[in-house]
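Novice: Fold the following.
(one chain, ligands or ions: 1)
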Amino acid sequence: MNSHNKMDDRAGADDRAGTAGQIKAIADLLRSKENIVILTHNSADGDTLGCSIAVGRALHRLNKNACILYEEKYTEYLEFLLEGYGSLIFLDDDPGALDRAWDAVIVFDTADPKLLGKRERMLNQAGCVINIDHHISNRLFGDVNLVVPGASATAELAYQLLAELGVPLDHYMALAIYTGICTDTGGFSYSNTTCASHEIAAKTLAFGIDVAHLRYKFFDAITPGKLHCHAYVANTLRFHDGGKYAIAVVSAEALDKIGATEADCEGLVNIGRNVVGVEVSVFAREIRPGEFRVNLRSRGSYDVSEVARKFEGGGHKLAAGCTVIAPSGEIESILLNALNEAR
Ligand SMILES: [Mn+2]
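Specialist: Alright, predicted model coming up:
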């Protein structure tokens, strides 16, 4: 047991040394480049955006011509990050940016180049592609690939890159790094949270980070439409099998009446999952008459990806999804049968 632990420690130390060496090499490479473009994945989240803003600012400090190229206008709750950076390009405003001669492309938090949309072709044109990520499924599409699955957020790696570039943190960099780590760890509560997540976040707090305000922005703020969806699901959720299964079905008609958007329905599956005694929570939303988008969550022992696979969906043991064709009067019993069969 002891020797095993020792070996693990050594492997951990080797990994850390390897990562540090790679980050130093990336910093050296960036110092030798002039025109640098930073890409974020589409459906951008706090991590990919945070990395882009923090490193974009640092490269400006080094007098590089560094731009961030976004393809989509992104979600409102992250717009405050934009204040921290002047050289943002939206693809619609400047399509020529795709074919400009960039010396280097940095891609943050992007497991698959497909998530870059139209910008994917830039990977073949740039002088050098630097791929920085923490997804274990990363396709290693860069000329340089820094992929560290043990990092809670890519922002941890961005933070180390800033240090290696020798650029001191400022308020906006700190805010961007904190945002990446805080959002990817669910406010330092998911199982990916590590000492490093806390240590790096702690360093950012000295720069005037309003943690209470950000917690509200990232996790607690709720639109009226979403609140009404919550109420509807809480009132119509049904328990089966002695409270082990919670199933919520929302018809297209009900969604219409509530006036809820697709975004308002995000996370509703967690209402059932959080109820004491529930092992599996299912949320079925009618997207067309007789067609349901189904989200499944397990609290541990039950593998919900098996249920999703029955309907040609997919996912992981604890979180999965699928589309089910069924009359609205039968969807609940179909799902319940599938849950019992896959058990
Ligand atoms: Mn991430």
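Novice: so where do the strands sit in this protein?
Specialist: Counting by DSSP state E, the segments of the chain that form strands are 35-40, 65-70, 88-90, 104-108, 129-133, 144-147, 238-240, 245-250, 280-288, 291-298, 314-315, 319-325.
Novice: what residue lies at the spatial centre of the chain?
Specialist: Closest residue to the average C-alpha location of the chain: Asp45 at 5.3 Å, with CA atoms, centre = their mean.
Novice: Quick check, pLDDT for that one.
Specialist: Looking at Asp45, its pLDDT reads 91.
Novice: For it, which non-adjacent residue is closest in space?
Specialist: Thr183 (6.2 Å; CB to CB, 6 or more residues apart in numbering). No exception for glycine: its C-beta is placed from N, CA and C like everyone else's.
Novice: contacting residues around the one you found?
Specialist: By CB atoms under 8 Å, 6 or more residues apart in numbering, Thr183 lies in contact with 45-47, 50, 153, 218.
Novice: Low-confidence ranges, this protein, go.
Specialist: Applying pLDDT under 70 to the chain flags the ranges 1-13, 74.
Novice: which stretches of it form helices?
Specialist: In the chain, the helices defined using DSSP state H lie at 2-31, 46-61, 122-125, 154-165, 171-184, 195-205, 211-215, 224-236, 252-258, 269-273, 304-310, 331-342.
Novice: Dump those helices into JSON lines; add distance to Phe108 as well.
Specialist: Shown next, in JSON lines, are the helices of the chain (distance: least, CB to CB, whole Å):
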{"stretch": "helix 2-31", "distance to Phe108": "12"}
{"stretch": "helix 46-61", "distance to Phe108": "4"}
{"stretch": "helix 122-125", "distance to Phe108": "14"}
{"stretch": "helix 154-165", "distance to Phe108": "5"}
{"stretch": "helix 171-184", "distance to Phe108": "9"}
{"stretch": "helix 195-205", "distance to Phe108": "16"}
{"stretch": "helix 211-215", "distance to Phe108": "20"}
{"stretch": "helix 224-236", "distance to Phe108": "28"}
{"stretch": "helix 252-258", "distance to Phe108": "34"}
{"stretch": "helix 269-273", "distance to Phe108": "27"}
{"stretch": "helix 304-310", "distance to Phe108": "28"}
{"stretch": "helix 331-342", "distance to Phe108": "37"}
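Novice: which one of the ones you listed lies closest to Thr110?
Specialist: Of all these, helix 46-61 sits nearest to Thr110, with 6.9 Å by CB to CB.
Novice: count of neighbours near whichever residue of the stretch 201-343 of the chain sits closest to the ion?
Specialist: For the stretch 201-343 of the chain and the ion, the shortest gap (CB to the ion) falls at Phe218, measuring 13.7 Å. Applying other CB atoms under 10 Å, we find 16 residues neighbouring Phe218.
Novice: do the same with the one 4 residues further on
Specialist: When counting by other CB under 10 Å, one arrives at 13 neighbours for Ile222.
Novice: ok, Gly272 to Arg297 distance?
Specialist: Distance, Gly272 to Arg297, using CB to CB, to the nearest Å: 8 Å.
Novice: Next: Phe108.
Specialist: Distance from Phe108 to Arg297, by CB to CB: 28 Å.
Novice: Up against the ion, what does this protein have?
Specialist: 47, 109, 154, 184 (CB under 5 Å from the ion).
Novice: Now do the same contact list for the nearest residue to Ile271 once chain neighbours are set aside.
Specialist: Distances taken as CB to CB, 6+ apart place Val233 nearest to Ile271, at 5.2 Å, with adjacent residues excluded. By CB under 8 Å, 6+ apart, the contact set of Val233 is 248, 250, 268, 271-272, 283.
Novice: picking that back up, which one among the contacts of Thr183 gets closest to Arg31?
Specialist: Looking across those and measuring by CB to CB, the closest to Arg31 is Gly50, at 22.4 Å.
Novice: Enumerate every residue touching that closest one.
Specialist: Gly50 touches 81, 153, 155, 158, 176-181, 183, counting by CB under 8 Å, 6+ apart.
Novice: Nearest to the ion among those?
Specialist: Ala153 (5.0 Å).
Novice: Tell me how many other residues surround the closest one.
Specialist: Using other CB under 10 Å, Ala153 is surrounded by 31 other residues.
Novice: likewise Val294?
Specialist: Counted with other CB under 10 Å, residues neighbouring Val294 total 25.
Novice: Can you give me the distance of it to Cys265?
Specialist: Here the criterion is CB to CB. By it, Val294 lies 12 Å from Cys265.
Novice: hang on, Lys33 packs against Gly127?
Specialist: Yes - at 7.3 Å, Lys33 counts as touching Gly127 under the criterion of CB atoms under 8 Å.
Novice: Which neighbours do those two have in common?
Specialist: What both Lys33 and Gly127 touch, as defined by CB under 8 Å, 6+ apart, is the set 103-104.
Novice: okay, those two: which has more neighbours?
Specialist: Between Lys33 and Gly127, counted using other CB under 10 Å, Lys33 has the larger neighbour count: 19 against 13.
Novice: And the more buried one, its phi and psi?
Specialist: Main-chain dihedrals, Lys33, degrees, to the nearest 10: phi -110, psi 150.
Novice: that older thread, report the set of residues contacting both of Gly272 and Arg297.
Specialist: Residues touching both Gly272 and Arg297 (CB under 8 Å, 6+ apart): Ser281.
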